[in-house]
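>>> okay, predicted coordinates and the sequence, questions at the end:
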Amino acid sequence: MAFEIVGKRAVRKDAAAKVTGRAKYADDFFERDMLVGKVLRSPYAHAIVKSIDTGKAKALPGVEAVITHEDLPKLKYATAGHPWSLDPGHRDVADRYILTDKARYVGDGVAAVVAVDALTAEKALKLIEVEYEVLPFVLDPEKAMLPGAPVIHEERPDNILGATSEEIGNIEEDFKKADYIFEGVYETSIVQHCHLEIQSAYAYVDADGRIVIVSSTQIPHIARRIVGQALGVPWGQIRVIKPYIGGGFGNKQDVVVEPLAAAMSLAVNGRPVRFALTREECFVDTRTRHAMKLYLKTAVTKEGKLLSLHMKPICNNGAYASHGHTVALSAGGKFRLLYDFNSMKYEPKTVYTNLPSAGAMRAYGCPQIFYALESHIEDIAREMKIDPIEFRKQNLISVGKKDPHSDIVVRTFGLRECIEKGKQLIKWDEKLEKYKEQKGIKRRGLGMACFSYASGTYPHGFEIAGARVVMNQDGSVQLQVGATEIGQGSDTVLSQIAAEVLGLPYDMVHVVSQQDTDITPFDLGAYASRQTFVSGAAVKKAAEEAKRKVLEIAAWKTGLSIEEMDIKSARIVERKSGSEICTLEDIAMESYYDRLNAAPIEGNASANVRTNAMAYGVTFAEVEVDMETGRIEIIEIYNVHDSGVIINPLLAEGQVHGGVSMGLGYALSEQLLFDTNTGRPLNNNFLDYKLQTIMDTPDVGYAFVQIPDPEGSVGQKSLGENTTISTAPAVRNAVLNATGIAFNKIPMTPQTVFEKLKQNGLL
Amino acid sequence: MDNYEKISMVVNGKNYSLEVDIRESLLEVLRNRLHFTGVKQGCSVGECGACTVLVEGLPVNSCIYLAVWANGKRITTIEGISKAGELSRVQQAFVDEGAVQCGFCTPGLVLTATALTQTGRKYTDEEIKREISGHLCRCTGYNKIFNAVKRVLNE
């Protein structure tokens, strides 16, 4: 397929708005008479709220309202940003109130104040008197499953939120046939998204009595439904508006601030109330990435054929379900289409603990799973003295492979080319030879890791997307999409798809970046790397409808058939000769003003995408380990992706850079820490939580192997989340190559590296 | 009225005289009182750099700079960078190089980069990185931000 606009390095639609400071985020709107809301948080990891005295707080001048769980409807709701399920058995776990009567982690909200300004609100919080009955708490999921452990939710006395078992083939038989059996245990830590814009929303009741919420959300249509459920209000009474968003990475695929913002406004007769978290609150009262402990057991033949895999992740979910067990389940569906195991058994357990709630974070369980799997595969190859790349290659799946649980079929598989490309980029063979037998203080090593990922959530999830194309008098169009731009660039690539289909120059597509549930076509939002694949299908459909209407008018004018004409660069042309018939503007003007036939051109589409496309990729890393300080430096790093057709290389490169940088933080420095004696967070700020800075991030190399996928509307597959999956295991394997030491827990901070080198007698 | 003090400052070339709470940060006054919402609030404690403005031409975290300290000073926010509808060289470089994603860290980075261009000196790659290391960005991995800043400083 030859494209005019798809595949071009088009500049972001919102770049100018963002470099000039004109882009308005949720916090940038001011309403007359706006109040400020703040939350009183539990200092205990586990405690019953016995009584709350709000009298003194209410008496403070400037305080407009104080609310507790007693003032709110007794409705338990679920916060995960998933589509509603008509099947009650497939719904998210509803396990929380807007404000709680039992604190389940340090920071759980027990009361809220609405006041004229932030300072008054903060003062009022200190005047609220809460009597707690402090309970024993548990932070470790394995301890939480033991008999006698503190019970966090009465409905789940064993603290197990989800435990499932999926088997393909018969692992017992394959383990009997194995020549070798390998076992490994791998651990990841709690990390956070760290989008620069903190969650913020403001709510008011409009003149018609409807609740309006302007929020920093990835999922406006879902947020509307969840606010309705939390407050017991009909969903149509709620309107959610999503302005520009300062990053989300999954943390805003959860409804965190909106129900309370609405409740605050309702408590003051519908006056506007802003409820914005601080950075310190954001670390504990939004979502985190599940820490997992993964038990792997693998059966292999002496020829090096992977026979069977048994994987058992224990996922630390924290205090409330949020996305819960879905994260582990979803990741299970993604790794199965990488290696050609004869049989596999996947048995994840997701467990409540008295920690902040884990939810969706970029790549949804896969960074944990692939850290474990790709570390384990490396360990097996080394143990069997087989080249780790050859070992992987001889066990990869091929095109046509079908997952028996999901029925997903791999139609395009570029991973082998990705691996070859990565090897060349990093000069694998040459350097591997050079780095043999190192004895110095600074030792270098090479490592790599592969991954597989899906494009959207089908078939486990439901995938619906909406788009609307409205043609203006001059032939340009407004593109309205339900997909949310959160920084990833969806507005830009969806505009490129619309321009491509409509035969318009890119700058004649005006994308409406703001989503408003009253106006925007229904779509689930930004998650699961679904936008280009799923929402892209809706945009193509809407643009095709508009194009057909244009050509119908042209056909009526010229007597030619629709099939004989096309639109090229905003001109109607005869396909055969390429000669211009008229301008698109001529047609658009007739559609608006022709006295007999006027009907302005629109395309409206909803796409229910019942397919998926597996995407692949690999990271190659070269590290230098300082054996005296434990510091790991990245010398070179490359990501090579099989994501189908790359719609915009400029933006795709940016995704790779950002994903790898986030992956490096995951591998080397990031970890949210808690006091084991109290459950209190120790580093919930940017000074102590070690996010990668520009000083830590190397040049990130990239390449794309572009095989058009027949199910992508222009041949595309997912990319955004994929970029962060294989970084940590590649770095871990490079450190193993450099030092001979296998780090089976991340992050590999200088402290942990130093300690482990010392334990192993290397210091 | 003990807590209030009158200040005068020049923001983006225009004079402002107003009474501020002595506890208010420059960030709060610029955003909440004067509505320069291009000044972004990412942490409120000087860790992330999103709220950077130029005070007498030097990059400052406006969240930990008291508004009263701005009395008599010249302040530049992101709103004061493009002139007559034209992007500045720094802004154009950020656009062309793909250095913008969610855009929340962008105003602060554009301002720091603008300050670097005004020193008239040359910077090594390492110096560029050190100069902008006070800005956190979670989206871009900094690669394209670095390219944009380097391009402008070498022009």
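Arrived safely. Residues are numbered from 1 along each chain as shown, chains lettered A, B, ... in the order given.
>>> for A:Gln438, grab the count of nearby residues.
A:Gln438 has 17 neighbouring residues, counting by other CB atoms under 10 Å in any protein chain shown. For the C-beta atoms, the positions are set from N, CA and C on the backbone; glycine is no exception.
>>> where do the strands sit along chain B?
Per DSSP state E, chain B carries strands over the ranges B:4-11, B:14-21, B:52-55, B:58-61, B:74-76.
>>> again with the stretch 251-400 of chain A
Counting by DSSP state E, counting those that start in this stretch, the stretch 251-400 of chain A forms strands over residues A:273-276, A:291-300, A:306-318, A:343-346, A:349-352, given from the N-terminal end onward.
>>> got those strands as JSON lines, with distance to chain B, mean pLDDT and mean neighbour count columns?
As requested, the strands of the stretch 251-400 of chain A are arranged in JSON lines below (distance: least, CB to the nearest CB, whole Å; pLDDT from 0 to 100; neighbours: other CB atoms under 10 Å in any protein chain shown):
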{"stretch": "strand A:273-276", "distance to chain B": "8", "mean pLDDT": "98", "mean neighbour count": "26"}
{"stretch": "strand A:291-300", "distance to chain B": "20", "mean pLDDT": "98", "mean neighbour count": "22"}
{"stretch": "strand A:306-318", "distance to chain B": "21", "mean pLDDT": "98", "mean neighbour count": "24"}
{"stretch": "strand A:343-346", "distance to chain B": "31", "mean pLDDT": "98", "mean neighbour count": "21"}
{"stretch": "strand A:349-352", "distance to chain B": "26", "mean pLDDT": "98", "mean neighbour count": "27"}
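>>> which helix or strand contains the residue nearest to A:Tyr689 when sequence neighbours are not counted?
With sequence-adjacent residues excluded and distances taken as CB to CB, 6 or more residues apart in numbering or on different chains, A:Tyr689 is closest to A:Asn683, at 4.8 Å. Using DSSP states H and E, A:Asn683 is not contained in any helix or strand.
>>> ok, A:Asn683 - contacts?
With contacts defined as CB atoms under 8 Å, 6 or more residues apart in numbering or on different chains, the neighbours of A:Asn683 are A:671-673, A:689.
>>> quick one: pLDDT of the residue of chain B found nearest chain A?
Taking CB to the nearest CB as the measure, chain B has B:Gly38 as its residue closest to chain A, at 2.1 Å. Among the per-residue scores, B:Gly38 holds a pLDDT of 98.
>>> now do the same contact list for the closest residue to it other than its chain neighbours.
By the measure of CB to CB, 6+ apart, the closest residue to B:Gly38 outside its immediate chain neighbours is A:Gly21, 2.1 Å from it. Under the criterion of CB under 8 Å, 6+ apart, the contact partners of A:Gly21 comprise B:36-39, B:77-79, B:81, B:107.
>>> same check on B:Phe94?
Residues in contact with B:Phe94, defined by CB under 8 Å, 6+ apart, are A:15, A:19, B:100, B:106, B:109-110, B:113, B:145, B:148.
>>> return the subset of the residues you listed lying in helices.
Applying DSSP state H to the contacts of B:Phe94, the entries found in helices are A:15, A:19, B:106, B:109-110, B:113, B:145, B:148.
>>> would you mind writing the CA trace of the helix of greatest length in chain A as PDB?
Ordering each helix of chain A by length in residues (DSSP H) puts helix A:536-558 first. These are the backbone C-alpha positions of helix A:536-558, laid out as PDB (Å, rounded to 0.1, in the frame of the first residue of the first chain):
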ATOM      1  CA  GLY A 536      -7.900   4.000  14.000                       C
ATOM      2  CA  ALA A 537     -10.400   1.600  12.700                       C
ATOM      3  CA  ALA A 538     -13.300   4.000  13.700                       C
ATOM      4  CA  VAL A 539     -11.500   7.000  12.100                       C
ATOM      5  CA  LYS A 540     -11.000   5.100   8.900                       C
ATOM      6  CA  LYS A 541     -14.600   4.100   8.800                       C
ATOM      7  CA  ALA A 542     -15.900   7.700   9.500                       C
ATOM      8  CA  ALA A 543     -13.500   9.100   6.900                       C
ATOM      9  CA  GLU A 544     -14.600   6.600   4.300                       C
ATOM     10  CA  GLU A 545     -18.300   7.500   4.900                       C
ATOM     11  CA  ALA A 546     -17.500  11.200   4.500                       C
ATOM     12  CA  LYS A 547     -15.500  10.500   1.300                       C
ATOM     13  CA  ARG A 548     -18.400   8.400  -0.100                       C
ATOM     14  CA  LYS A 549     -20.800  11.400   0.500                       C
ATOM     15  CA  VAL A 550     -18.300  13.700  -1.300                       C
ATOM     16  CA  LEU A 551     -18.100  11.500  -4.300                       C
ATOM     17  CA  GLU A 552     -21.900  11.000  -4.400                       C
ATOM     18  CA  ILE A 553     -22.300  14.700  -4.900                       C
ATOM     19  CA  ALA A 554     -19.500  14.700  -7.400                       C
ATOM     20  CA  ALA A 555     -21.100  11.800  -9.200                       C
ATOM     21  CA  TRP A 556     -24.400  13.600  -9.300                       C
ATOM     22  CA  LYS A 557     -22.700  16.700 -10.800                       C
ATOM     23  CA  THR A 558     -20.600  14.900 -13.400                       C
END
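>>> okay, now A:Leu504: neighbour count?
Burial of A:Leu504, expressed as a neighbour count using other CB under 10 Å, amounts to 25.
>>> show me the shaky parts of chain B.
Counting by pLDDT under 70, chain B contains low-confidence ranges at B:1.
>>> quickly list the domain ranges of chain A.
What the record gives for chain A is the domain set A:15-22+A:464-608, A:31-135+A:199-276, A:291-458+A:611-759, from automatic domain parsing.
>>> same check, this time on chain B
With automatic domain parsing as the reference, chain B has domains B:4-79, B:89-154.
>>> closest to A:Ile581 among the contacts of B:Phe94?
Nearest to A:Ile581 among the contacts of B:Phe94: A:Ala15, at 35.0 Å, using CB to CB.
>>> quick one, what contacts that closest one?
B:94-95, B:100.
>>> give me the secondary structure label for the one residue in chain A that gets nearest to chain B.
Per CB to the nearest CB, A:Gly21 is where chain A lies closest to chain B, at 2.1 Å. Reduced to three states with DSSP: H, G, I helix; E, B strand; the rest coil, the structure at A:Gly21 is coil.
>>> what residues are up against A:Asp518?
For A:Asp518, the contact set (CB under 8 Å, 6+ apart) comprises A:Arg239.
>>> go on, the one 3 residues further on?
Neighbour list for A:Pro521: A:466-468, A:480-482, A:538, A:604-606 [criterion: CB under 8 Å, 6+ apart].
>>> leaving out the residues flanking it, which one is nearest to it?
Of all residues not flanking A:Pro521 in the chain, A:Gly466 sits nearest, at 2.8 Å (CB to CB, 6+ apart).
>>> from the contact counts, what lies against the strand or helix carrying the one you found?
For A:Gly466, the element it lies in under DSSP H and E is strand A:464-471. Under the contact criterion of 3 or more CB pairs under 8 Å, 6 or more residues apart in numbering or on different chains; DSSP states H and E, strand A:464-471 touches strand A:477-481, helix A:490-502, helix A:536-558, strand A:602-608.
>>> quick check: residues of the stretch 251-400 of chain A near chain B?
A:278-279 (CB under 8 Å from any CB of the partner chain).
>>> near B:Lys83, how many other residues are there?
Residues contacting B:Lys83 under the criterion other CB under 10 Å number 8.
>>> an error on my part: the question was meant for B:Leu111.
Count around B:Leu111 with other CB under 10 Å applied: 27.
>>> give me the nearest residue to it, chain neighbours excluded.
B:Thr52 (5.1 Å).
>>> ranges for the helices of the stretch 201-350 of chain A?
Here the stretch 201-350 of chain A has its helices, by DSSP state H, counting those that start in this stretch, at A:220-231, A:258-267, A:279-285, A:326-335.
>>> per-residue pLDDT of A:Glu31, please?
The pLDDT attached to A:Glu31 in the predicted structure is 93.
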